[in-house]
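Visitor: A predicted structure for the sequence below; I have some questions about it.
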Amino acid sequence: MQEYSIYSPNFNRKKRSINSIKIITIHYTGMQSERESIIRLCNPKSKVSSHFLINQNGKVYRLVQDNQIAWHAGKSCWGNYKNLNKNSIGIELVNKGHQFGYTHFRKKQLLSLIKICKILIKRYKIKKKNIVGHSDIAPLRKIDPGEKFPWKYLAKKKIGIWHDCKPNFLRKFRKSKIFKKHDEVKFFKNLNNIGYCFSFKKKFFLTKTVKAFQRHYRKELINGLLDKECLIIAQNLTNKL
Ligand SMILES: [Zn+2]
């Protein structure tokens, strides 16, 4: 696969062992243009970077080598992993994002992403459940790559996990009421199994985490409210792990 190298200085000086690579984190750039994104990801003052950047035509830029710790995840958590820069490969997709005009991801861009993911999965033996979005690992701060990111399509290509409930079946349970405490506890237990880090500290945490889950698995309605459809999806995903 052809990569165009652009050097970003934004990584830890100390190299990592490639055995520590366990997760792929997908982002969108959330900036006005590709050019601006490249400048930011390579500017030492911005202190952000990623291993790859893919533009809308599917052109792949390599910014940081895999054995270096790039700065893309920030404060984050997934399963037993904390602050995921050290354990993950970051892939940025050029997209203006929610702030500047969120657009669908183009086929060419996704095809390049799929190619890279397949190579990484093989090379580092990355588990399906460890292919995540930035919002999954930092639900309180981040909403990228957002609800237009086609997780179901990627899962068909064996990248990431997806449920096997029929859309028409699920649809009936959208906005259906839940048994408050009982179902909440069960839901978050399932979320923990999937990898989401969550503890019942504040109401605010709950809403944001439900939203992150919905952005990934139930994009038709992202309201932060737990309903029966979300419960069924989370249970189904857990059963498949
Ligand atoms: Zn991000």
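Guide: Looks like it came in fine.

Visitor: what about this structure, any weak spots by pLDDT?
Guide: 200-204 (pLDDT under 70).

Visitor: Show me what from it comes close to the ion.
Guide: Contact residues, the chain versus the ion (Cβ under 5 Å from the ion): 27, 134, 144. Using the backbone N, CA and C atoms, a C-beta is placed for each residue, glycine as well.

Visitor: one more time with 8 Å, if that's ok
Guide: 25, 27-28, 30, 72-73, 90, 92, 134, 138, 142, 144-145 (Cβ under 8 Å from the ion).

Visitor: Give me the secondary structure label for residue 109.
Guide: Counting by DSSP: H, G, I helix; E, B strand; the rest coil, the backbone at residue 109 sits in helix.

Visitor: just checking, it touches residue 93?
Guide: Yes. The pair residue 109 / residue 93 is scored as a contact, 6.0 Å apart, by Cβ atoms under 8 Å.

Visitor: Overlap of the contact sets of the two?
Guide: Residues touching both residue 109 and residue 93 (Cβ atoms under 8 Å, 6 or more residues apart in numbering) are residue 54.

Visitor: Looking at those two, which one has more neighbours?
Guide: A side-by-side neighbour count of residue 109 and residue 93, using other Cβ atoms under 10 Å, places residue 93 first with 26 against 20.

Visitor: For the spatially most central residue of the chain, grab phi and psi.
Guide: Nearest to the geometric centre of the chain sits residue 133, at 0.5 Å (Cα atoms, centre = their mean). Backbone geometry at residue 133, expressed as degrees, to the nearest 10, gives phi -100, psi 160.

Visitor: again with residue 132
Guide: With angles defined as degrees, to the nearest 10, residue 132 sits at phi -140, psi 170.

Visitor: what bridges to it?
Guide: residue 25 (DSSP bridges).

Visitor: now the strands: where do they sit in the chain?
Guide: 4-5, 23-28, 52-54, 60-62, 77-78, 81-82, 88-93, 131-133 (DSSP state E).

Visitor: Ok, which of these comes nearest residue 46?
Guide: Among those, the nearest to residue 46 by Cβ to Cβ is strand 88-93 (12.6 Å).

Visitor: What strands flank the closest one, and is each parallel or antiparallel?
Guide: strand 23-28 (parallel), strand 52-54 (parallel).

Visitor: now those as TSV including mean neighbour count?
Guide: Formatted as TSV, those follow (neighbours: other Cβ atoms under 10 Å):
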stretch	mean neighbour count
strand 23-28	25
strand 52-54	25
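
Visitor: With distance to residue 179 as added columns, please give these in TSV.
Guide: Output for these, formatted as TSV (distance: least, Cβ to Cβ, whole Å):
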stretch	distance to residue 179
strand 23-28	34
strand 52-54	43
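
Visitor: Could you say which one of those comes nearest to residue 168?
Guide: In terms of Cβ to Cβ, the element of those nearest to residue 168 is strand 23-28, at 28.4 Å.

Visitor: picking that back up, what's the residue nearest to the centre of the chain in contact with, if anything?
Guide: Residue 133 is in contact with 25, 26, 27, 144, 145, 146, 149, 151, 212, 215, 216, counting by Cβ under 8 Å, 6+ apart.
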